[in-house]
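J.: With the input below, show me the fold.
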Amino acid sequence: MANARSIAVIILGALAFALCYAQAPLFYSNQNQYFLHGLAEAGRGELDSDWLANTSSPTPVFDAVVRITAKYGHESLFYVYYAALLGLYFWSLMGLFDHLTAGRATLGQRLAFAAMIFSVHAAVLRWASYRLFGTDYACYAQGWLAAQYLLGPVFQPSTFGVFLLFAIERLVRGHSFTAFTALAFAGIGHSTYLLPGGLLALIFTGMMLRQKAGVRTWLLPLWSLALVLPSLRHAYSNFGPSDPASFEEAQRILVEVRIPHHCDPFRWCDGIAWMQIALMLVGIAASRRTRLFPILVGLFGASLALTVAQILSKNPTLALLFPWRSSAVLIPLAVAVILARGIEYLSKLWNGPIAKWASAGWIVFLSAGGVAIMALHEGFAVNAAEEPLMQFVRTHLQPGDCYLIPVALPKPTQSKGSISSDFKPLPAQQADNRLIPLDFQRFRLGTGAPIFIDFKAIPYRDTDVLEWYRRVNWVQSLYAERNWNPAIDSVIAAGITHVVVAKNREIICERLLTVYEDENYTVYRVVGR
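T.: Take a look at the predicted model:
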């Protein structure tokens, strides 16, 4: 009976936290990149003939999850997968709280800590932050240094970083085999976690050496390495240099054009970033005399050293390894440590029945708030004006079709810092040149139609990056012209069968036949192919 009660509490807590955090609808933001290969392999629409779907994927395991789910299950399972990862995140923090309090925390203190963790992650409070202050300040207590995080609005490869947090919780509580296995799961889910996972493996090994853990000190790191070897081999064989010149130029394009908000410390390091660094340092100091302390010190120190090396060397390869990504683990850990110490300091405050009921009630309120955010569509804005257009494309899609959609490179900006746009209304997103253009991000997955190119979804092999950039620039220059007659042969040669144009940007061409119109968009079919 006790075990059944514990399982019920774990499931209920995970579900409440998942509801509190909220999820965006399929297919939102990064899912339009990371679901493409899996859905194409599952036979969605005509995606198997899409150019990008036939480039090398950096996340083959995630692709397999998407393919199997789409082919044999139901798309609603993607929400379930993410709810499970959110639950793992929450209970990892709760486990760390037990470690920090040496298992002496009362029910009232545990409820208070849970309520505070819910508050830091609550969708309704993030929504309120934007409405009151024009910025989602709450997200900065979860991560978002260099716009990188463990959690996010949707199930995507980056959410497998939760296993890094789980690994730390397992190690400090004496479960070293599970800890090293979880490190590998993070890297298998997304290769961007191979570096922080490797750093943590070294730190864990050093701690086990000090504890004289015997043969396990060497066997467990080797076990973890064996698990990630296929991921390392895939990354090297698919994304290593084709030739030095192509590799160098592709890296420049990724760092300077496509993801400078992730790669350039001078771009993402603003006042808020410095406050987050200070927060990490306070959390590290507050973890002294616990097993968490050497982990936080080691991970922060190694990441700082690699970040400084990147800044001094300006090495694009190191920039694309994101040595600062460990902040996505360090920030929530620091917040958890600070909250735990605060609860310990005010220990008597949380033990009365009123305090317990207040904490439980607050948790219920925040969970209900997350449900309201999702039900009322008060976040995760998409361009609803595209829906009639996408419905037309879905119902008229034919084998061999390839759609050309408008593409625009982001305008140069001097703005620094990282922002979350999850609770930003659509007009504000479209006006913010720090954000990747939102329009038509959903077009490919929402219709199942192959497209020639877009800016959001990108390849990673160097020669494919060069081709992506060539296509983006060509399409941007094409849409800048009104008369397409001189360029129509190039459009045909590119295999394009349909052209999508905004209503306020009508084009002239004798070989484009209007097949669809609404108040926002026109679709032309290319004739004379």
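
J.: just so I have it, where are all the helices in the stretch 51-200 of the chain?
T.: For the stretch 51-200 of the chain, helices defined by DSSP state H, counting those that start in this stretch occupy the ranges 60-72, 77-100, 107-121, 123-133, 162-172, 176-189, 194-210.

J.: Now do the fourth one against helix 107-121, angle only.
T.: Regarding helix 123-133 and helix 107-121, their directions subtend 50 degrees when assessed with axes from the mean of the first three to the mean of the last three Cα atoms, to 10 degrees.

J.: Same question for the last one.
T.: Counting by the same axes, to 10 degrees, helix 194-210 lies at 150 degrees to helix 107-121.

J.: Next, the angle helix 176-189 makes with helix 194-210.
T.: Using the same axes, to 10 degrees: helix 194-210 against helix 176-189 is 170 degrees.

J.: now swap in the fifth one and tell me
T.: Interaxial angle of helix 162-172 relative to helix 176-189 (the same axes, to 10 degrees): 170 degrees.

J.: Tell me the helices and strands packed up against helix 162-172.
T.: helix 77-100, helix 176-189, helix 194-210, helix 292-313, helix 327-345 (3 or more Cβ pairs under 8 Å, 6 or more residues apart in numbering; DSSP states H and E). All C-beta spots, glycine's among them, are computed from the backbone N, C-alpha and C.

J.: which helices and strands sit right next to the second one?
T.: Identification of packing neighbours for helix 176-189 by 3+ Cβ pairs under 8 Å, 6+ apart yields helix 60-72, helix 162-172, helix 194-210, helix 216-239.

J.: of all those, which lies closest to residue 94?
T.: helix 162-172 (8.7 Å; Cβ to Cβ).

J.: still on that earlier bit, kindly reformat the helices and strands packed on helix 162-172 as a markdown table containing mean pLDDT, mean neighbour count and distance to residue 238.
T.: Putting these into a markdown table (pLDDT from 0 to 100; neighbours: other Cβ atoms under 10 Å; distance: least, Cβ to Cβ, whole Å) gives the following:
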| stretch | mean pLDDT | mean neighbour count | distance to residue 238 |
| --- | --- | --- | --- |
| helix 77-100 | 96 | 20 | 25 |
| helix 176-189 | 96 | 23 | 15 |
| helix 194-210 | 95 | 20 | 14 |
| helix 292-313 | 96 | 17 | 23 |
| helix 327-345 | 95 | 22 | 24 |
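
J.: Thought residue 258 was touching residue 320, still the case?
T.: No. Residue 320 is beyond contact range of residue 258, at 10.5 Å (criterion: Cβ atoms under 8 Å).

J.: Show me the shaky parts of the stretch 401-529 of the chain.
T.: 413-414, 426-439, 529 (pLDDT under 70).

J.: Helices of that one, residue ranges please.
T.: 426-431, 443-447, 462-479, 488-493.

J.: Give me the helices and strands touching the second one, please.
T.: Translated: helix 443-447. helix 31-34, helix 36-41, helix 387-396.

J.: Adding distance to residue 518, write those helices out as a markdown table.
T.: As requested, those are exported to a markdown table (distance: least, Cβ to Cβ, whole Å):
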| stretch | distance to residue 518 |
| --- | --- |
| helix 31-34 | 22 |
| helix 36-41 | 26 |
| helix 387-396 | 5 |
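
J.: of all those helices, which lies closest to residue 266?
T.: helix 31-34 (25.5 Å).

J.: gap between residue 179 and residue 167?
T.: Separation of residue 179 from residue 167 (Cβ to Cβ, to the nearest Å): 5 Å.

J.: what is in contact with those two at once?
T.: residue 204 (Cβ atoms under 8 Å, 6 or more residues apart in numbering).

J.: Can you tell me how far the residue most central in space within the chain is from residue 401?
T.: In the chain, the residue lying closest to the centroid (Cα atoms, centre = their mean) is residue 158, at 4.5 Å. Distance, residue 158 to residue 401, using Cβ to Cβ: 32 Å.

J.: and stretch 207-223, which residues are buried?
T.: By neighbour count on 16 or more other Cβ atoms under 10 Å, the buried set for stretch 207-223 is 207, 208, 217, 220, 221.

J.: on that earlier part again, so for residue 68, which of the helices and strands packed on helix 443-447 sits nearest?
T.: Closest among these, using Cβ to Cβ: helix 36-41, at 8.2 Å.

J.: ok now whichever strand or helix holds residue 365, how far from the chain's centre?
T.: Here residue 365, judged by DSSP states H and E, is contained in helix 353-375. Helix 353-375 has its C-alpha centroid displaced from the chain centroid by 26 Å (Cα atoms, centre = their mean, to the nearest Å).

J.: All good on my end, thank you.
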